[in-house]
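> Just to be clear, the model below is a prediction. Sequence and coordinates:
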Amino acid sequence: METIGRFAPSPSGRMHLGNVLCALLAWLSARRQGGAYLLRIEDLDTMRCPRSFAELIIDDLRWLGLDTDGEVLYQSERTAIYEEYEAILREKGLLYPCFCSRAALHAASAPHLSDGRVVYAGTCRELTEAETAEKRKTRAPATRVRVPHETISFTDGVYGPYREALAEECGDFIIRRSDGVFAYQLAVTVDDALSGVTEVVRGSDLLSSAPRQIWLHRLFGFTPPAFVHIPLLCDRDGRRLSKRDEDLDLGLLRRRCKPEQVVGWLAFAAGLIDSPEPVAARELIDHFAWELVPRHELRLPDVIG
Ligand code: GLU
């Protein structure tokens, strides 16, 4: 089976080095296997994700030497497709409206898991039709999907075996927000499946999303892709990079550096090369192997900045 990888950034700002690392490793893994590499712009929230940022991402990937295959997909243009899959969940009787506010969710959610994630308490799960009608007068509901008492297990390409009891460790989750915008979990599952993606490579902050996505894939009759989650990239002091670290966003880096320098730092941080020397992305393809990438946080070399 042909490998189909993808990069699925949310264009709410300029890419920083953490995003670039993800794009690079997904590209190397796909190209190493002779596979395709797709680009999908996750701009569901059009207020936060203007088209201009998406265009910069496309230009940044070109600058980095990470070529993509096929058409670029924009999630903001795919609402009708997500609605078809929402309808499938509705027909199965799995959806219900949820009127909980953010504050109510936080107050009612118990237990909080050790990693800070919150399990939905099920407050709106069994509302009667009359109660629902009453609540609709003052508040537009989000849409939640009921999860079963089922444990989802899979083997992550970097982190190894991972499992989650959906009901106990996640709870019913939102597939559409109260403003009508589809939630990430539904959109990402539908898009990966319809694009034939066989390998999802992304940051480890999304590791705990994989069980929900695997469950949705199976529910829709799709075969879930393989998942590889990348340890987070930290700066020299061990702090996680964020969009606030403007010195490490590509806008500034492109003015100061060559693409080979950026690729060299990241390849070094990811354990692919022994020193942070400049290297073109395509020169790394033949030596790429996931076994080289450590499980602990990845640190940028001192040479930056
Ligand atoms: N759009 C998500 C992000 O930029 C990544 C989604 C994914 O790769 O599944 O964090």
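Noted; the coordinates are in hand. Numbers count the residues shown, from 1 in each chain.
> can you give me the helices in the stretch 1-150 of the chain?
In chain order, the stretch 1-150 of the chain shows helices spanning 17-32, 51-64, 79-91, 102-108, 129-136, with DSSP state H, counting those that start in this stretch as the criterion.
> name the helices or strands packed onto the first one?
Under the contact definition 3 or more C-beta pairs under 8 Å, 6 or more residues apart in numbering; DSSP states H and E, helix 17-32 sits against strand 4-7, strand 36-41, helix 51-64, strand 199-203, strand 226-230, strand 233-234, helix 259-269, helix 281-284. In short, each C-beta sits where N, CA and C put it, glycine included.
> now the angle between helix 51-64 and the second one, please.
Angle of strand 36-41 versus helix 51-64, following axes from the mean of the first three to the mean of the last three C-alpha atoms, to 10 degrees, is 150 degrees.
> can you list contacts of strand 36-41?
Contact with strand 36-41 is made by 2-9, 11, 26-27, 30-31, 49, 54, 57-58, 61, 66-70, 72-76, 191, 195, 197, as judged by C-beta atoms under 8 Å, 6 or more residues apart in numbering.
> repeat that with 7 Å
Strand 36-41 is contacted by residues 2, 4-9, 11, 26-27, 30-31, 54, 61, 68-70, 72-75, 191, 195, 197 when judged by C-beta atoms under 7 Å, 6 or more residues apart in numbering.
> Can you show me the strands along the stretch 101-250 of the chain?
Assigned by DSSP state E, counting those that start in this stretch, the stretch 101-250 of the chain shows strands spanning 142-145, 151-156, 160-165, 173-176, 199-203, 226-230, 233-234.
> With respect to E260, which of the ones you listed lies nearest?
Checking those against E260 by C-beta to C-beta gives strand 233-234 as the closest, at 18.4 Å.
> residues in contact with stretch 187-198?
With contacts defined as C-beta under 7 Å, 6+ apart, stretch 187-198 is touched by 1, 3-4, 6, 8, 38, 40, 44, 73, 75, 81-82, 85, 200, 213, 216-217, 220, 222, 225-226.
> so which of the residues you listed also contact the ligand?
Filtering those for neighbours of the ligand using C-beta under 6 Å from any ligand atom leaves 8, 200.
> Could you turn the buried ones of the contacts of stretch 187-198 into a ChimeraX selection?
Selection of the buried residues among these in ChimeraX, burial being defined by 16 or more other C-beta atoms under 10 Å:
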select :3,4,6,8,38,40,44,73,75,82,85,200,213,216,217,222,225,226
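> Any quick ChimeraX command for the buried ones out of the contacts of strand 36-41?
Here is the ChimeraX command that selects only those of those that count as buried (16+ other C-beta under 10 Å):
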select :4,5,6,7,8,9,11,26,27,30,31,54,61,68,73,74,75,191,195,197
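> that older thread, nearest to F154, of the helices of the stretch 1-150 of the chain?
Each of these has some distance to F154 by C-beta to C-beta; the shortest is helix 17-32, at 16.9 Å.
> Can you show me the CA trace of that closest one as PDB?
Written as PDB, here are the backbone C-alpha positions of helix 17-32 (Å, rounded to 0.1, in the frame of the first residue of the first chain):
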ATOM      1  CA  LEU A  17      10.300  25.900  14.400                       C
ATOM      2  CA  GLY A  18       8.000  23.400  16.200                       C
ATOM      3  CA  ASN A  19       5.600  23.400  13.200                       C
ATOM      4  CA  VAL A  20       8.500  23.200  10.800                       C
ATOM      5  CA  LEU A  21       9.900  20.100  12.600                       C
ATOM      6  CA  CYS A  22       6.600  18.400  12.200                       C
ATOM      7  CA  ALA A  23       6.300  19.300   8.500                       C
ATOM      8  CA  LEU A  24       9.900  18.100   8.000                       C
ATOM      9  CA  LEU A  25       9.500  14.700   9.800                       C
ATOM     10  CA  ALA A  26       6.200  14.000   8.100                       C
ATOM     11  CA  TRP A  27       7.800  14.800   4.700                       C
ATOM     12  CA  LEU A  28      10.900  12.700   5.400                       C
ATOM     13  CA  SER A  29       8.900   9.700   6.500                       C
ATOM     14  CA  ALA A  30       6.600   9.800   3.500                       C
ATOM     15  CA  ARG A  31       9.400  10.400   1.000                       C
ATOM     16  CA  ARG A  32      11.600   7.700   2.600                       C
END
